[in-house]
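# Structure of the sequence below:
(2 chains)
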Amino acid sequence: MITIEGHYFDGRQPIGVPARMDFVDQDATLTVGPISDHCATFHLKVSPPIGSADRFITFPNGAQFSCADHAFLDSLPQESPSEGRVAWLEERWGVALACIATIFCMLLAGYFFGLPAAAERIAARIPMETEQSLGRQALTWLDGKGWFKPTKLDFDKQKTIRDGFNGLRRDLPMKDYYHLEFRSGEVFGPNALALPGGIIVITDDMVKAAEATEEVLAILAHEIGHVELRHSMRSVLQNSVVAAAAAAVTSDAASLSVAVAGLPAIVAQTKYSRKFEAAADEYAFSLLKQKGYSPTAFASLMERLARKYEKETGPFAYISTHPVTAERVQRARDAAAK
Amino acid sequence: MDYEPDYSRYTWDELLDASEHINREKYAERAQRLDEEITRRTRGISEDNHPLVADSLDITLEQDPQVQEQPPELLLEFRGSAREYFRIWIVNLCLTLLTLGVFSAWAKVRKKRYSYSHTTLGGTPFQYLGQPIPILKGRLIAAVGFLAYYVSTHFITSLLPYILAAGLIAAPWVIVRSAAFNARYSAFRNMTFHFDAGYLGALKVLYAWGIIPAIVIGMMFNWPGKPVVLGIASAVFGFSYPWWIRRLKRFIVEHTSYGGKKGAFFATGGQFFKIYFIAGLIVVAVMIPSGALASILLASTKKSWLGPYLIAAPMYAGYVLAFAYVQARSGNLVWNHTHLGPLRFQSTLRCVGLLKLYVTNALGIVASLGLLIPWAVMRTLKYRADNMRVLQEGELTEFQGSDMGSVAAVGAETIDFFDLDLSL
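Just a heads-up that it's a prediction; the model follows:
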């Protein structure tokens, strides 16, 4: 016989009465003061174990008996049997350590391999058209806010660059989506950007910084790389999954510490954008060589920009969005030498 | 504090605490009454050794008459331990990631169950009766809604006005459903809570005066592009916001019931306005000097990449401080002006205490790469419970559970098809 002491709640008033339950074989006896009642144990329902909290035994008439956790209670019919199995896992430090290791490996593997690979495949299946309205909107917004002003380049200069650009894109899979736009914009400094949907914007300062058309084409080839490799779509996909995973991991913290919720996602995203830059570089080098240009033009322009803007970098300068490293220049020279 | 404290209702510890901290110059008259109450009680102690009633489980008539004058307190305690909760958190997180999020509904039940059943009122733990399947359904609906919003902001921007309009129409439903779910599946002493408002009630409360719909419709037609309209809209919204918040809080409190007794809410919009007004002043007071300091630093340094951080840091500091202030003050305001049957609440959250909590939580979480999240959750819940007192003016028997109520507690496992949890 097993006896458990606890409290009885009839469900009609929020008053607990000290009570006792005795279990003999298939029979449970509830004793509240002078009154005793019998019940078969298979009519009872026991609440799942959770931490060190009290558990509740529910009777067929809806009344409840609460008591401290007791191993015997697990042998009675459970309200939620699946939770009992989870509770078994939750009680063990060994399982907790294994979980830490599993989560760690899953996040790392997903972040470095699974997610980029999945995003690449999915992005390739999403038609370019879905990005186009977004890109047009972004450009209209930039123009409307005055970030961009109309270009001051003369027509001949524009035509030379446009012809070279058309030569570059001619045989590419995304050839029909490209739009080359010239803009002047002081905040951006010498810069070029690939907007979603194949819009490539190059600033007057960038054209002026280049000493030859070949150098401008080298920069444009880099932006073409972003478009061909679907970087804007892939970054949207990857960053949303990272944000969702970060939200899942930190969901408990988000409500109590405003400071940390967005942090992991921000850290993760900068890493991805660097990878995209390197990939666009590689793409540009092979495209340039294929079209008969040398990647050295890329290296020389990069070096000149780095020298010129070493001291005066505005928040939107090319250097800050595209970290110029000796490594990047070196890769261009290596590609040229091959 | 703008209420006159009734010291006869204070417990012994609180009296001592109050006499230690009271501003005797500013509140000379209050301090005198406080001292009188303490001397009165000390006489009581010499006659009887039990001046405090902490546990009201058995209110017996043999108690000292001195004691019966102050309402008995139902002791609210949080007994969760960070070590225990860590294991629960990590196992459920692992299963959630392994199932690509599907298990998150089960995880929510486990975590909620833990915090409920380790919160005891008058010695009895609360019970969480929520079931995973309705939570999963709610999460799927939320995910579809979010996806639609995401697609419309990132890709098919022409859809955005329709998505926003749909969100506007759905919002009252979401509020009502999640309040009803939370109430229905929360139980204390074998009696569940109830929430009885419907869609139309929530619609009225949310969109009264038409300010929010006007703003959203305005956004659809790009009115905020015009600075005058934007200025007027934000001024109207800013000044009416405290009253709007009060309506929302009142709506939730007054439609929640336990044992046939509905909540009653007494806080006024003016009291909310005071809180948000001071919070606004805090933001300005923090941002102006630290912003000036940041611009001096920025001018003197060559490292221009520091710029965005130097600009963001003071804004962030001001925001966190104001957030802690609003959380503490509005939490106190709501609870101290809420009655539930014979129950009265006393919330004593402090801005500084919350701020310390937020900052140490954030530091701990970052330094431990997130492994201290469960610790942060536990100490936050403990802090809240420690700063909440539940007083009882009258008998608990005023709460009458219907037969239905107790059946619902058991019957929670039979899932109603339209039953879903939308609170994330």
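# What parts of the stretch 151-300 of chain B come near chain A?
B:154-158, B:188-191, B:258-259 (Cβ under 8 Å from any Cβ of the partner chain). Quick note: C-beta positions are derived from backbone N, CA and C, even for glycine.
# Now with 6 Å, please.
When proximity is defined as Cβ under 6 Å from any Cβ of the partner chain, the stretch 151-300 of chain B approaches chain A at B:154-155, B:157, B:189-191.
# which residue sits closest to A:Ile126, ignoring its sequence neighbours?
In space, and not counting its chain neighbours, A:Ile126 is closest to A:Met233: 5.9 Å by Cβ to Cβ, 6 or more residues apart in numbering or on different chains.
# Number of residues surrounding the one you found?
By the criterion of other Cβ atoms under 10 Å in any protein chain shown, A:Met233 has 24 neighbours.
# Over to A:Ala68?
Counted with other Cβ under 10 Å, A:Ala68 comes out at 12.
# Got phi/psi on the closest residue in space to it that isn't next to it in sequence?
Nearest non-adjacent residue to A:Ala68, counting by Cβ to Cβ, 6+ apart: A:Asp54, 5.9 Å away. Reported as degrees, to the nearest 10, the phi and psi values for A:Asp54 are phi -60, psi 160.
# who's in contact with A:Asp54?
Residues in contact with A:Asp54, defined by Cβ atoms under 6 Å, 6 or more residues apart in numbering or on different chains, are A:66, A:68, B:125.
# where's the closest residue to chain B within the stretch 101-250 of chain A relative to B:Glu393, distance?
Scanning the stretch 101-250 of chain A for the residue nearest chain B gives A:Thr130, at 4.8 Å (criterion: Cβ to the nearest Cβ). Counting by Cβ to Cβ, to the nearest Å, the separation of A:Thr130 from B:Glu393 is 62 Å.
# ok, now A:Glu131?
Counting by Cβ to Cβ, the gap from A:Glu131 to B:Glu393 is 64 Å.
# Show me which of those two is the more surrounded one.
Between A:Glu131 and B:Glu393, A:Glu131 has the larger neighbour count (other Cβ under 10 Å), namely 24 against 13.
# so what's that one up against?
Taking Cβ under 6 Å, 6+ apart as the test, what A:Glu131 contacts is A:196-197.
# does it sit in a helix or strand, and which one?
Taking DSSP states H and E as the criterion, A:Glu131 maps to helix A:129-144.
# What is the subsequent helix or strand relative to that helix?
In N-to-C order, the element after helix A:129-144 by DSSP H and E is strand A:149-150.
# Tell me which strands that following strand pairs with, and in which orientation.
If you go by DSSP bridges, strand A:149-150 pairs up with strand A:179-184 (antiparallel).
# Okay, angle between the strand it pairs with and helix A:129-144 too, please.
Strand A:179-184 and helix A:129-144 meet at an angle of 20 degrees, taking axes from the mean of the first three to the mean of the last three Cα atoms, to 10 degrees as the criterion.
# does chain B sit close to the following helix or strand past strand A:179-184?
Once the chain leaves strand A:179-184, the next helix or strand it forms, by DSSP H and E, is strand A:192-195. No: Strand A:192-195 lies out of reach of chain B by Cβ under 6 Å from any Cβ, never closer than 13.0 Å.
# contacting residues around strand A:192-195?
With Cβ under 6 Å, 6+ apart, strand A:192-195 has contacts from A:135, A:138-139, A:200-202, A:206, A:219, A:223, A:226-227.
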